[in-house]
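Peer 1: Here's my sequence, what's the structure:
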Amino acid sequence: MPVLRPHDKGLSTALAAVFLLTAFLLGARPAAAQETERLWEALRAGSAVAIMRHALAPGTGDPANLTIGDCTTQRNLSAEGRRQAAETGDRFRANGITQARVFSSAWCRCQDTATLMQLGPVETLTPLNSFFRNFERREPQTDALKEWLAEQKAGAPLLLVTHQVNISALTGTHTRSGEIVVVRREIDGAMTVLGSL
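Peer 2: Below is the predicted model of the structure:
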């Protein structure tokens, strides 16, 4: 049996560490891929809802002269945000969702995100509107959204485009620009977060 010299032992330890790290990474990737596929499958089947924070729109809140329907008075998508929205639509199509029922906040950055995804006609849904500047609307709007969701039949994929505050109130999660929270509607009206894309 060969005898390892001190410098050989160090090399063996390093090789063992590399082997373990490689095994971990190779094992983690399939698990992450399986989790992602499970989320897409739930969306394809219509058993879950995609709730998306609008794509990148630099800044916070809106100007004081915010007027719904007038995009010049609002914080809007940047060029990167418009590209992000289009690429997200491509991700849906790449995962077998070419058409969806699409609902959006009336804010231009949400409407533009939903439109650029090209998954279907965009309908405005009032409970998705931001209450960032009117926090007293948090509870009534969230309740209205829950009631609306409870009335929706499972079937066609459903995509909602809204704001961070709305998603946080509904799901308790914090989202990045363009992030999609996948939510299952329970019989008792509760929302179960399955994951995010």
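Peer 1: could you pull out the strands for this protein?
Peer 2: Counting by DSSP state E, the chain has strands at residues 49-53, 101-104, 122-124, 158-162, 180-185, 191-196.
Peer 1: Point out where the chain drops to low pLDDT.
Peer 2: 1-30, 189 (pLDDT under 70).
Peer 1: same thing but 80
Peer 2: Applying pLDDT under 80 to the chain flags the ranges 1-32, 61, 154, 187-190.
Peer 1: how much space between Asp62 and Val165?
Peer 2: 12 Å (CB to CB, to the nearest Å). The C-beta positions use only the backbone N, C-alpha and C, and glycine is treated the same way.
Peer 1: now swap in Gly69 and tell me
Peer 2: 21 Å.
Peer 1: In terms of neighbours, single out the busier of these two.
Peer 2: Each of Gly69 and Val165 has its neighbours counted (other CB atoms under 10 Å); Val165 has more, 19 against 9.
Peer 1: Quick check: the more buried one touching Arg133?
Peer 2: No - the pair Val165 / Arg133 is not scored as a contact, 9.7 Å apart, by CB atoms under 8 Å.
Peer 1: circling back: how about the strands of the chain, which one is nearest Thr36?
Peer 2: strand 191-196 (7.9 Å; CB to CB).
Peer 1: can you state the direction angle for the closest one and strand 49-53?
Peer 2: Strand 191-196 runs at 70 degrees relative to strand 49-53, counting by axes from the mean of the first three to the mean of the last three CA atoms, to 10 degrees.
Peer 1: Can you point out the buried residues in strand 191-196?
Peer 2: For strand 191-196, the neighbour count (16 or more other CB atoms under 10 Å) marks 191, 193-194, 196 as buried.
Peer 1: Now these in a markdown table, please, with extra columns for distance to Thr126.
Peer 2: A markdown table is the format used below for the buried residues of strand 191-196 (distance: CB to CB, whole Å):
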| residue | distance to Thr126 |
| --- | --- |
| Met191 | 19 |
| Val193 | 23 |
| Leu194 | 26 |
| Ser196 | 25 |
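Peer 1: Going by distance to Thr142, which of the residues you listed wins?
Peer 2: Using CB to CB, those come closest to Thr142 at Met191, 9.9 Å.
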